[in-house]
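Asker: Here's a sequence, model it:
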Amino acid sequence: MSFEHHQTAARFRSLHTSQKPLALSNAWDVASAVITAAAGATAVATTSAGVAWSLGLPDGDRLDRERAVAVVAGIVEAVNVPVTADIEGGFSETLEGIAMTVAGILEVGAVGINMEDGSRRPEEFCARISAARDAARNAGRDLFINARTDVFLAGAGTVEEQIEEVLARAEQYIEAGADGIFVPGASEAGTIAALTAGISVPVNVMVGAGSLSVGELGKLGVGRVSLGSSIAQAAYAVAQRATEELNTTGTYTTVAEALDYGFLNGLMDSSTKN
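Answerer: Have a look, this model is predicted:
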């Protein structure tokens with residue numbers, strides 16, 4: 001393990017604390033990552049949806065390994081904070097392919113991944129987590145595996161049943177090698193408190209307009225907070241609204257709060273670590 005990677009990975013792990021939860025405004029390309037880091041982010045996480053959209057693809061395991069790793073490589077090169085990559089289901093249907101994905105992510109300098117169970121059985125997802133952990137071990141690199149479970153997104157059963165299912169899965173995922181558990185769709189204070197009380201590793205929740213604040217989530221025991229694809233969605237919404245305004249009223253108010261050209265150009269000019 002290189003000393004630099006070890007330091008970066010250790011720093012990233014240390015950021016997962018309920019005293020001050022790791023707050024991630026997910027990026028989807030080099031420019032959004034550079035802006036995020038310059039705005040004070042302590043780490044950069046990618047959003048697989050945003051990356052896919054930026055390449056003209058739909059979200060949902062339609063992105064391929066090579067292009068996903070290339071985006072992560074560009075981001076790692078451009079920022080001076082730890083980078084964690086959303087790899088969806090692993091960009092492969094085989095354990096060997098998942099290991100290749102993780103090896104590629106580690107080779108370009110990322111120190112974490114998000115991997116999701118989706119509609120997969122817990123046993124199948126555990127095998128994927130183990131494959132990712134083995135790949136990191138074989139590479140001699142530390143890797144923070146954030147295991148996402150989509151139980152709440154699926155919405156089957158009562159809230160109590162969903163909590164029970166998440167806790168059962170979390171226990172299995174941790175045993176398989178997960179360092180954190182990501183539970184998108186969990187939003188109520190009581191639900192989140194029950195999850196953090198029953199999960200022994202940092203819990204990650206998805207946030208957006210109307211969600212509890214980062215501070216409030218920290219008091220509930222949350223260690224990591226993610227905006228997911230919402231910033232990418234908001235950016236594309238500006239493009240849509242500006243175009244509609246331009247072609248209807250012929251005005252330009254939508255872009256009134258755009259970042260200054262010189263500021264952006266200077267930010268990109270100074271973004272390389274070399």
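
Asker: going forward, measure contacts between C-alpha atoms and count neighbours the same way
Answerer: Fine.

Asker: residues touching residue 15, list them.
Answerer: Taking CA atoms under 8 Å, 6 or more residues apart in numbering, we find residue 15 in contact with 21-22.

Asker: Neighbours of residue 139, how many?
Answerer: Around residue 139 there are 14 other residues, counting by other CA atoms under 10 Å.

Asker: The residue nearest to it when sequence neighbours are not counted and residue 191, how far apart?
Answerer: Distances taken as CA to CA, 6 or more residues apart in numbering place residue 103 nearest to residue 139, at 6.9 Å, with adjacent residues excluded. Plainly put, residue 103 is 35 Å away from residue 191 if you go by CA to CA, to the nearest Å.

Asker: So which of these two has more stuff around it?
Answerer: Using other CA under 10 Å, the more surrounded residue of residue 103 and residue 191 is residue 103, with 20 against 16.

Asker: does that one count as helix, strand or coil?
Answerer: Counting by DSSP: H, G, I helix; E, B strand; the rest coil, the backbone at residue 103 sits in helix.

Asker: Identify the residues contacting it.
Answerer: Residues in contact with residue 103 (CA under 8 Å, 6+ apart) are 135-136, 139.

Asker: Out of those residues, name the ones that lie in helices.
Answerer: 135-136, 139 (DSSP state H).

Asker: which non-adjacent residue is nearest residue 251?
Answerer: Excluding its sequence neighbours, the residue lying closest to residue 251 (CA to CA, 6+ apart) is residue 245, at 6.0 Å.

Asker: Poorly predicted segments of the chain, please.
Answerer: Low-confidence segments of the chain, defined by pLDDT under 70: 1, 272-274.

Asker: So which residues of it form strands?
Answerer: Using DSSP state E, the strands of the chain run over residues 22-24, 44-45, 83-86, 112-116, 144-148, 180-182, 203-206, 224-226.

Asker: For the fourth one, list the C-alpha coordinates in CSV.
Answerer: It stands for strand 112-116. Provided in CSV are the C-alpha atoms of strand 112-116 (Å, rounded to 0.1, in the frame of the first residue of the first chain):
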residue,chain,number,x,y,z
GLY,A,112,-14.0,4.2,-1.5
ILE,A,113,-16.9,2.7,-3.5
ASN,A,114,-20.6,2.6,-3.3
MET,A,115,-22.2,-0.7,-4.4
GLU,A,116,-25.9,-1.4,-4.3
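
Asker: quick one: that strand to strand 144-148, angle?
Answerer: 20 degrees (axes from the mean of the first three to the mean of the last three CA atoms, to 10 degrees).

Asker: Which parts of this protein are helices?
Answerer: Using DSSP H, helices in the chain cover 3-14, 30-38, 48-54, 65-78, 95-107, 122-139, 151-154, 159-176, 189-198, 214-219, 230-248, 261-269.

Asker: got these as a markdown table, with distance to residue 114 columns?
Answerer: A markdown table is the format used below for those (distance: least, CA to CA, whole Å):
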| stretch | distance to residue 114 |
| --- | --- |
| helix 3-14 | 14 |
| helix 30-38 | 17 |
| helix 48-54 | 9 |
| helix 65-78 | 13 |
| helix 95-107 | 11 |
| helix 122-139 | 10 |
| helix 151-154 | 16 |
| helix 159-176 | 13 |
| helix 189-198 | 18 |
| helix 214-219 | 20 |
| helix 230-248 | 17 |
| helix 261-269 | 27 |
